[in-house]
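In: I need the structure of the sequence given here:
(one chain, ligands or ions: 1)
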Amino acid sequence: MAPSPLLENGGVIPGKPSATGRFAEVYSDLQKHRLDFPLPIPAVLSKSLQIVEGPASSAAGHPEEIQKLFPTLFGQPSVKLVPSDAPAVRSDLGLKVGVVLSGGQAPGGHNVISGIFDYMMDRTTGSTVYGFKGGPAGIMRCKYVVLTPEYIYPYRNQGGFDMIRSGRDKIETPEQFKQAEETAIKLDLDGLVVIGGDDSNTNACLLAEYFRAKNLKTKVIGCPKTIDGDLKCKEVPASFGFDTACKIYAEMIGNVMVDARSTGKYYHFVRLMGRAASHITLECALQTHPNITLIGEEVAAKQLTLKNVTDYITDIICKRSELGYNYGVILIPEGLIDFIPEVQKLIAELNEILAHGVVDEGGLWKEKLQPQSRTLFDFLPIAIQEQLLLERDPHGNVQVAKIETEKMLISMVETELAKRRVEGKYAGQFKGQSHFFGYEGRCGLPTNFDSSYCYALGFAAAALLHHGKTGLISSVCNLAAPIAEWTVGGTALTALMDVERRHGKFKPVIKKAMVELDGAPFRSFASMRDEWALKNRYISPGPIQFHGPVADAVNHTLLLELGAEA
Ligand code: FBP
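Out: As a prediction, the model looks like this:
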């Protein structure tokens with residue numbers, strides 16, 4: 001790989017170990033090697049560049065409502081960064097730029113910050129980059145650290161968000177917007193980069209609108225982050241972290257597959273992270289070829305009940321048993337139960353009850369459930385009942401990471417198999433092993449793809465701020481091509497928005513990108529799953545590689561979506 005022409009050692013500024021908790025001298029050899037790994041960058045970012053504006057933008061839905069919510073930003077064009085013939089000019093007016101990490105960890109976040117920092121150091125003089133600590137709360141409370149080469153160095157190409165940490169707070173009330181304004185004024189901020197998912201980027205756009213309406217100079221740029229892979233569209237083809245997380249899970253699934261085949265006695269039920277969409281589960285299936293994969297979006301489209309899902313799994317287990325296989329691997333998306341219409345209804349009723357009152361120990365609260373939901377609730381294992389009643393996240397969602405769907409399915413499949421055994425329809429052996437692969441994938445060493453993608457996203461975000469842009473999300477495209485040919489720009493955040501009616505008011509939202517059942521990744525999976533069910537076509541991809549023939553391989557989902565061969 002060609003080193004970055006930007007900085008002498010290829011985009012990495014050497015420095016002393018950070019005083020923040022990371023000490024590069026105690027890193028593993030691989031971690032050390034990654035620290036100084038020369039990142040290739042898109043050719044356009046290595047030279048003098050200029051901004052080219054596209055046509056006026058609209059919205060993903062309800063443009064008239066989006067215009068009312070974002071009167072100053074609505075309609076602004078998306079932009080491209082293109083090479084400029086002018087000699088590279090350094091701006092001698094130092095900028096003051098803040099950066100914040102929002103929501104769940106995703107491998108590569110540190111590289112976004114490095115990209116922002118390196119752009120500022122390389123293209124401007126006397127700039128300051130503030131890292132807001134602990135997520136959006138850091139902005140509201142004006143808690144920050146001034147980033148320096150020494151501070152950043154131990155985090156280069158490393159997983160985690162611990163450089164400045166993250167948080168799930170939202171800037172939503174008038175008081176909170178005022179606090180953000182006070183911070184922007186106090187630090188004399190020229191710009192702010194919000195690294196987050198769909199909610200955080202919606203929030204970034206609201207902040208951009210607020211600052212502009214208040215005539216503040218602070219510009220706001222978003223960056224697409226989430227391992228869940230559900231923040232994407234044509235202009236923003238991927239959220240960072242998905243590539244690394246899926247490869248980590250795929251390695252673990254592959255290991256479990258070999259274990260299953262070796263012992264011949266376990267069915268491994270593997271639940272995978274991904275709060276709403278099933279992209280991670282689908283990608284892991286494409287990488288490893290499990291016997292059964294449940295895709296939440298398909299379950300919802302077919303209006304399946306819990307009984308249907310149980311029967312689907314049990315039927316395959318019975319057929320495999322006739323073939324002499326009393327083992328297998330089953331992938332389950334974390335958000336599965338939220339896709340089952342009857343459970344969705346139950347959860348909606350529970351949300352109402354929890355929002356308005358206390359769940360009494362005597363169980364009187366259950367009287368408030370509709371009869372069908374009551375029957376379903378009582379039918380669920382006690383542990384799942386308790387998990388469904390746990391506290392909601394700050395956005396009001398059920399914390400699906402805490403619901404052990406894999407254990408619930410094991411117990412339901414056991415019951416169904418026992419029944420079939422009595423009926424003489426099953427004579428095999430069944431032992432279920434449950435797994436949840438979630439947090440394990442969120443902070444691994446970012447793949448070559450995520451490392452470079454994140455660095456480019458950060459670099460672009462800084463360039464957009466430097467050119468006075470606001471209300472855009474950093475977008476890096478043409479990702480199936482070699483990195484040098486990646487295109488870079490900023491997409492108008494309002495162009496990605498629609499509205500939802502909540503509590504009688506229109507709220508702007510960037511719609512989550514769910515698995516499309518007519519999309520290439522799902523179609524590819526659906527064309528092979530019957531074969532994977534009965535014949536063992538397991539693939540154990542092994543650990544992430546940083547050198548060698550597969551080091552730069554990009555995940556199947558992205559390639560298939562881009563129309564390239566996976
Ligand atoms: P983001 O959407 O904020 O990136 O978080 C995604 C995720 O990792 C989900 O996959 C998971 O359900 C959730 O975060 C877990 O949240 P928490 O870290 O709060 O337990």
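In: count the neighbours of the nearest residue to Leu73 once chain neighbours are set aside for me.
Out: In this structure, Leu73 finds its nearest non-sequential neighbour in Gly471, 4.2 Å apart by C-beta to C-beta, 6 or more residues apart in numbering. Using the backbone N, CA and C atoms, a C-beta is placed for each residue, glycine as well. Neighbour count for Gly471, taken as other C-beta atoms under 10 Å: 28.
In: surely Gly471 and Leu206 touch.
Out: No: in this structure, Gly471 is not within contact of Leu206 by C-beta atoms under 8 Å, at 9.6 Å.
In: which residues do the two both contact?
Out: Common contacts of Gly471 and Leu206, defined by C-beta atoms under 8 Å, 6 or more residues apart in numbering, comprise Phe70.
In: chain center to the helix or strand in which Ile317 is found: distance?
Out: If you go by DSSP states H and E, Ile317 is part of helix 306-322. Centre-to-centre, helix 306-322 and its host chain are 31 Å apart (C-alpha atoms, centre = their mean, to the nearest Å).
In: just checking, what packs against that helix?
Out: Helix 306-322 sits against strand 292-293, strand 328-333, helix 405-422, helix 529-534, with contacts defined as 3 or more C-beta pairs under 8 Å, 6 or more residues apart in numbering; DSSP states H and E.
In: is there any residue in the second one that contacts the ligand?
Out: No: using C-beta under 6 Å from any ligand atom as the criterion, no contacts between strand 328-333 and the ligand are found, and the smallest distance is 9.8 Å.
In: swap in the longest one?
Out: No: under the criterion of C-beta under 6 Å from any ligand atom, helix 405-422 makes no contact with the ligand; the nearest approach is 12.1 Å.
In: quick one, strands of the stretch 401-550 of the chain?
Out: Using DSSP state E, counting those that start in this stretch, the strands of the stretch 401-550 of the chain run over 432-437, 472-477, 487-492, 497-502, 505-510.
In: alongside the ligand, which residues does the protein contribute?
Out: 103-104, 106, 168, 197, 226-228, 273-275, 334, 400-401, 442.
In: which of those ranks first by neighbour count?
Out: Ala106 leads these on contacts (other C-beta under 10 Å) with 34 neighbours.
In: tell me the SS of it?
Out: Put simply, Ala106 is coil when judged by DSSP: H, G, I helix; E, B strand; the rest coil.
In: show me the contacts for it.
Out: Ala106 makes contact with Phe161, Lys225, Thr226, Ile227, Ser239, Phe240, Gly241, Phe242, Thr244, Ala245, Arg442 under the criterion C-beta under 8 Å, 6+ apart.
In: list the contacts for the closest residue to it other than its chain neighbours?
Out: Excluding the flanking residues, the one nearest Ala106 by C-beta to C-beta, 6+ apart is Gly241, at 2.5 Å. By C-beta under 8 Å, 6+ apart, the contact list for Gly241 reads Gln105, Ala106, Pro107, Gly108, Gly109, Lys225, Thr226, Ile227, Arg442, Pro446, Asp450.
In: how about the contacts made by the third one?
Out: Right, Pro107. By C-beta under 8 Å, 6+ apart, the contact list for Pro107 reads 159, 227, 240-241, 244-245, 441-447, 450.
In: do that again at 7 Å, thanks
Out: Neighbouring residues of Pro107 by C-beta atoms under 7 Å, 6 or more residues apart in numbering: Gly159, Gly241, Thr244, Ala245, Cys443, Gly444, Pro446, Asp450.
In: kindly report the same for the last one.
Out: With contacts defined as C-beta under 7 Å, 6+ apart, the neighbours of Asp450 are Pro107, Gly108, Phe240, Gly241, Asp243, Thr244.
In: what pLDDT does the model give the nearest residue in space to the third one that is not next to it in sequence?
Out: Residue nearest to Phe240 in three dimensions, not counting chain neighbours: Gly108, with 4.4 Å by C-beta to C-beta, 6+ apart. In the predicted model, Gly108 carries a pLDDT score of 98.
In: I'd say Gly108 and Leu445 touch.
Out: No: taking contacts as C-beta atoms under 7 Å, Gly108 lies outside contact range of Leu445: 9.9 Å.
In: more crowded one of these two?
Out: Neighbour count, other C-beta under 10 Å: between Gly108 and Leu445, Gly108 has more, with 33 against 22.
In: give me the distance between the more buried one and Gly115.
Out: 10 Å (C-beta to C-beta, to the nearest Å).
In: between those two, what contacts are shared?
Out: The contact sets of Gly108 and Gly115 overlap at Cys454 (C-beta under 7 Å, 6+ apart).
In: contacting residues for Ala301?
Out: Applying C-beta under 7 Å, 6+ apart to Ala301 gives the contacts Leu517.
In: biggest helix in the protein, by residue count?
Out: helix 242-263 (DSSP state H).
In: now the next helix or strand after that one - C-alpha only, CSV.
Out: Beyond helix 242-263 on the C-terminal side, the first helix or strand identified by DSSP H and E is strand 267-272. Provided in CSV are the C-alpha atoms of strand 267-272 (Å, rounded to 0.1, in the frame of the first residue of the first chain):
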residue,chain,number,x,y,z
TYR,A,267,-27.0,-27.1,18.2
HIS,A,268,-25.5,-23.7,18.6
PHE,A,269,-28.0,-20.9,18.8
VAL,A,270,-26.0,-17.7,18.1
ARG,A,271,-27.7,-14.4,18.6
LEU,A,272,-25.9,-11.5,16.9
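In: what helices or strands is strand 267-272 leaning on?
Out: helix 242-263, helix 279-288, strand 328-333, helix 405-422, strand 432-437 (3 or more C-beta pairs under 7 Å, 6 or more residues apart in numbering; DSSP states H and E).
In: okay, the ones you listed in TSV with distance to Lys507 next?
Out: Below are the helices and strands packed on strand 267-272 laid out as TSV (distance: least, C-beta to C-beta, whole Å):
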stretch	distance to Lys507
helix 242-263	26
helix 279-288	24
strand 328-333	26
helix 405-422	29
strand 432-437	32
